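Q: What would the 3D arrangement of this be:
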Amino acid sequence: MHSLSVPSPLGRLTIVSDDAAVVAINWADETVPQDRPTPLLAEAARQLGAYFAGALTRFDLPVRPAGSPFEQRVWAAMCAIPHGQTRRYGELASAIGSAPRAVGGACGRNPIPLVVPCHRVLRSGGALGGYGGGLPMKQALLELEGAL
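A: You can find the predicted model right below:
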């Protein structure tokens with residue numbers, strides 16, 4: 001595994017990859033010890049920087065999030081939500097033939113936030129719902145994308 005810690009307007013991020021794909025992005029309080037970044041990590045850092053600068057609306061990175069087949073379906077459905085738009089847990093559940101609570105659980109276990117955009121999923125009625133980085137961070141991401 002390889003990792004690269006990078007700053008963002010919302011706090012430090014640590015990008016983790018294997019030799020072929022990004023496997024995690026974590027909000028980190030400290031810089032993680034690291035070697036020279038791999039080309040994949042450097043590209044992921046570049047794309048995250050462009051996203052936060054408002055110059056990137058769709059990530060183009062190989063990703064391999066570890067999860068159950070159900071979680072993989074939920075995460076694929078989240079990736080289909082366009083930049084600047086949101087969906088409700090119930091809408092995703094209907095799209096994949098599941099229940100909103102199960103979709104919410106899978107969203108909470110998303111190991112690659114931002115690239116797999118769990119922040120674009122809202123509770124019924126449009127309430128923000130949960131987010132691993134906290135609701136202020138979810139709101140800031142949605143504002144950055146023009147979804148709020």
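Q: C-alpha from now on. contacts and neighbour counts both.
A: Fine.
Q: Quick test: name the residue nearest the centre of the protein.
A: The residue lying closest to the centre of the chain (Cα atoms, centre = their mean) is residue 113, at 1.9 Å.
Q: okay, that residue: pLDDT?
A: pLDDT, residue 113: 93.
Q: To which secondary structure element is it assigned?
A: Assigned by DSSP states H and E, residue 113 falls within no helix or strand.
Q: which residues sit in contact with it?
A: Going by Cα atoms under 8 Å, 6 or more residues apart in numbering, residue 113 touches 24-26, 119.
Q: how close does it get to residue 93?
A: Separation of residue 113 from residue 93 (Cα to Cα, to the nearest Å): 19 Å.
Q: Can you measure across stretch 84-104, start residue to end residue?
A: 20 Å.
Q: can you list contacts of it?
A: Contacts for stretch 84-104 (Cα under 8 Å, 6+ apart): 71, 73-74, 77-78, 81, 120-124, 126, 142, 145-147.
Q: cool, stretch 47-66 as well?
A: So stretch 47-66 is contacted by 8-9, 20-24, 44, 72, 83, 110-112, 115, 144-145 (Cα under 8 Å, 6+ apart).
Q: mind exporting that stretch as CSV, just the C-alpha atoms?
A: In CSV, the C-alpha atoms belonging to stretch 47-66 read as follows (Å, rounded to 0.1, in the frame of the first residue of the first chain):
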residue,chain,number,x,y,z
GLN,A,47,-7.5,15.9,-9.2
LEU,A,48,-8.5,16.6,-5.6
GLY,A,49,-6.8,20.0,-5.8
ALA,A,50,-8.7,20.7,-9.1
TYR,A,51,-12.0,19.6,-7.5
PHE,A,52,-11.5,22.0,-4.5
ALA,A,53,-10.6,24.8,-6.9
GLY,A,54,-13.9,24.3,-8.8
ALA,A,55,-12.1,23.1,-11.9
LEU,A,56,-13.0,19.4,-11.8
THR,A,57,-16.6,18.0,-11.7
ARG,A,58,-15.8,14.3,-12.4
PHE,A,59,-12.9,12.3,-11.0
ASP,A,60,-11.1,10.1,-13.5
LEU,A,61,-9.2,7.7,-11.2
PRO,A,62,-9.1,3.9,-10.9
VAL,A,63,-10.8,3.0,-7.6
ARG,A,64,-11.1,-0.2,-5.8
PRO,A,65,-13.2,0.3,-2.6
ALA,A,66,-13.3,-2.8,-0.4
